[in-house]
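Student: with the sequence up front, the predicted model follows.
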Amino acid sequence: MTSIAPVSPREMLQEEFLKPLGWTPYRLAKDIDVPATRVYDIVSGKRAVTAETDFLLCRYFGLSDGWWLAVQEYGNQSNGMVAPSLNGIDVPKWRWNFDHLNERERSR
């Protein structure tokens, strides 16, 4: 089976929304009432999608809230773009051990 590389919000916004509609990033920015540089930076790959921008784009295009952030996160995970500082973090085992909760429930 052929695998397809994940698509970034930059590509998705440019190729699937702006180009087919014949719009510029400036037009979209004015319609959703954000600075034009924000949309230009997303389309050029200089800026990530924020929660606020996600909310505005989702409402504008009729998508589920969080859709743009999900696309962005999927692309980041698929490309191994996890901050290097997070790779060395050891999560304490007690944090994920919920056995004690089950024992309490059994004794009730």
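Tutor: On my side now, so go ahead.
Student: wait, what's in contact with the nearest residue to Asp31 once chain neighbours are set aside?
Tutor: Nearest residue to Asp31 in three dimensions, chain neighbours excluded: Tyr60, at 6.6 Å (Cβ to Cβ, 6 or more residues apart in numbering). Every residue, glycine included, has its C-beta placed from N, CA and C. Counting by Cβ atoms under 8 Å, 6 or more residues apart in numbering, Tyr60 touches Leu28, Asp31, Ile32.
Student: of the residues you listed, closest to Leu56?
Tutor: Closest approach to Leu56 among the contacts of Tyr60 (Cβ to Cβ): Ile32, at 4.4 Å.
Student: separation between the residue lying closest to that closest one once chain neighbours are set aside and Asp31?
Tutor: With sequence-adjacent residues excluded and distances taken as Cβ to Cβ, 6+ apart, Ile32 is closest to Leu56, at 4.4 Å. In this view, Leu56 and Asp31 are 9 Å apart by Cβ to Cβ, to the nearest Å.
Student: these two - which one has more neighbours?
Tutor: Leu56 (20 against 12; other Cβ atoms under 10 Å).
Student: for that one, what are its contacts?
Tutor: Leu56 sits in contact with Ile32, Asp33, Val34, where contact means Cβ under 8 Å, 6+ apart.
Student: quick one: pLDDT of it?
Tutor: On the pLDDT scale, Leu56 is placed at 96.
Student: please apply the same query to Glu103.
Tutor: Reading off the model, Glu103 has pLDDT 55.
Student: number the chain from 171, please
Tutor: Done: numbering now begins at 171, and the last item shifts to Glu273.
Student: so after the helix or strand where Arg180 lies, what's the next helix or strand?
Tutor: When elements are assigned from DSSP states H and E, Arg180 belongs to helix 179-181. Later in the chain than helix 179-181, the nearest helix or strand by DSSP H and E is helix 189-191.
Student: next structured bit after that following helix?
Tutor: Using DSSP H and E, the first helix or strand after helix 189-191 is helix 195-202.
Student: so what does that following helix touch, helix or strand wise?
Tutor: helix 206-214, helix 221-231 (3 or more Cβ pairs under 8 Å, 6 or more residues apart in numbering; DSSP states H and E).
Student: perfect, that will be all.
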